[in-house]
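Asks: Predicted model and sequence follow; I will ask about them next.
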Amino acid sequence: MRGGPIQGYIDIHGDYPPGTSFVLWIVGQLAVGTASDPRAVLKLVLLGFLLLSIAILLAASRRPGFSAFAYAALVVNAFGLMYLDILTAPFVLGAIWAASTGRTPLMAGLLAAACVMKWQPIFVMPFGIIYAFHVARDGDATVRRQTIWAAAIASGIAVVILLVYGLPAVSDAFYRASRHNALSNFGANPLWILTWWFERNAPAGERALTPDGVVSILSASRPILRVLSLISLIAYGTILRKYWRSADRTAGGFVRFALAGYLVYFMCSAGVHENHLFLAVLLSLALAWQAPRYLWVAVVLAVAANLNLVAFYGWNGGGTERYARGVDVTVWLALGVSIAVAAIIWRLAFNESEVRYISGTNRGVPS
């Protein structure tokens, strides 16, 4: 980026938070300084973030086999296809580790840092706020002071970012990121099935399925986008309310409800991309390290996330044949993923027989 990382971010008018652009600027500087291919440098940087994330999981869980599974779950996204989601992973996993060990200020700072890298962790932040409030309400004066520090640290990071990069640049990037007007940008969710339905029944002259039956990205009308936004807000708000009213005061409860809330976004929001299950996989890994009984959730979401990527782009970005006997196989994938994700949301947030588990000093209690 010409003009440095700050002015460059302002000039590119992108839709990412400033942290990602800063990392890419560092990659560019390293490539120039070492006369290397920027893509090779970026791949090494992403690999470094991946290995750091696995190291955090290994240190937290002390389970090498589980950490190897986590590597397998994340490597296609981070290293094979070089998505930038892995930039959030050390911060998200570190924040959950901090919460599980009673370090609320560190949790808040790391969650805020994750939001500086990608926008998706913003969906986790309200659950972190509720968790911190529960901890403060049930704790002593020392715990309440820690909560105040947590709020100050998170707010301070936000203020610094806005002062350095400017409110217009950051808010415009967030606005552009939230205004992807397609029903689904290859996200294997109910809206991808709806895209197929619209294109299958499209009148003559409008966007329809290809002769091979392949579905393509379809823009949505403004009324449909408003309806989807309303559905998403209601569903997400319902999960937040369930967590607020829950008797679960543990970090495991925070992760469990945050995962359910994020999966609501994946299922209901317009413009979801093929890589947007990545954060769900991260949260499910964090949940499984604290409560091994939820390992099945991590396995299901890891399979779904990687199939979503491979179905559209293959193992290395080369693409795949997406049709068989005139049917786009991604439609069947979206159907299977949607059923699995809906079942996970129900199990995590609405199954009242669930008992909360967490390792460490905090103990889970039934709701």
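Replies: Received, thanks.
Asks: So what touches stretch 32-47?
Replies: 23-24, 26-28, 30-31, 78-79, 82, 84, 86-87 (CB atoms under 8 Å, 6 or more residues apart in numbering). Any C-beta I mention is one placed from the backbone N, CA and C, and that applies to glycine too.
Asks: Now with 6 Å, please.
Replies: Contact with stretch 32-47 is made by 27, 30-31, 78-79, 86, as judged by CB atoms under 6 Å, 6 or more residues apart in numbering.
Asks: need the strands for this protein, in chain order.
Replies: Using DSSP state E, the strands found in the chain span residues 184-185, 272-273, 323-324, 327-328.
Asks: Quick check: residue 56 touching residue 95?
Replies: No - between residue 56 and residue 95 there is no contact under CB atoms under 6 Å: 10.2 Å.
Asks: Of the two, which one has the most company?
Replies: residue 95 (28 against 22; other CB atoms under 10 Å).
Asks: Contacts only, for the closest residue to the more buried one other than its chain neighbours.
Replies: Closest residue in space to residue 95, ignoring its immediate chain neighbours: residue 110 at 3.7 Å, by CB to CB, 6 or more residues apart in numbering. Contacts for residue 110 (CB under 6 Å, 6+ apart) come out as 91, 94-95.
Asks: swap the cut-off to 7 Å and go again
Replies: With contacts defined as CB atoms under 7 Å, 6 or more residues apart in numbering, residue 110 is in contact with 91, 94-95, 98.
Asks: follow-up on the earlier one: which of the strands of the chain sits closest to residue 313?
Replies: strand 272-273 (11.2 Å; CB to CB).
Asks: distance between the closest one and the chain's centre?
Replies: Per CA atoms, centre = their mean, to the nearest Å, the displacement of strand 272-273 from the mean C-alpha position of its chain is 11 Å.
Asks: next one: stretch 99-112
Replies: The chain centroid and the centroid of stretch 99-112 are separated by 18 Å under CA atoms, centre = their mean.
Asks: Give me the buried positions along that stretch.
Replies: Under the neighbour-count criterion of 16 or more other CB atoms under 10 Å, stretch 99-112 has 99-112 buried.
Asks: try stretch 196-203
Replies: Of all the residues in stretch 196-203, those buried under the rule 16+ other CB under 10 Å are 196, 198-199.
Asks: CSV please, covering these and showing distance to residue 213 and pLDDT.
Replies: As requested, those are exported to CSV (distance: CB to CB, whole Å; pLDDT from 0 to 100):
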residue, distance to residue 213, pLDDT
196, 9, 93
198, 14, 91
199, 10, 90
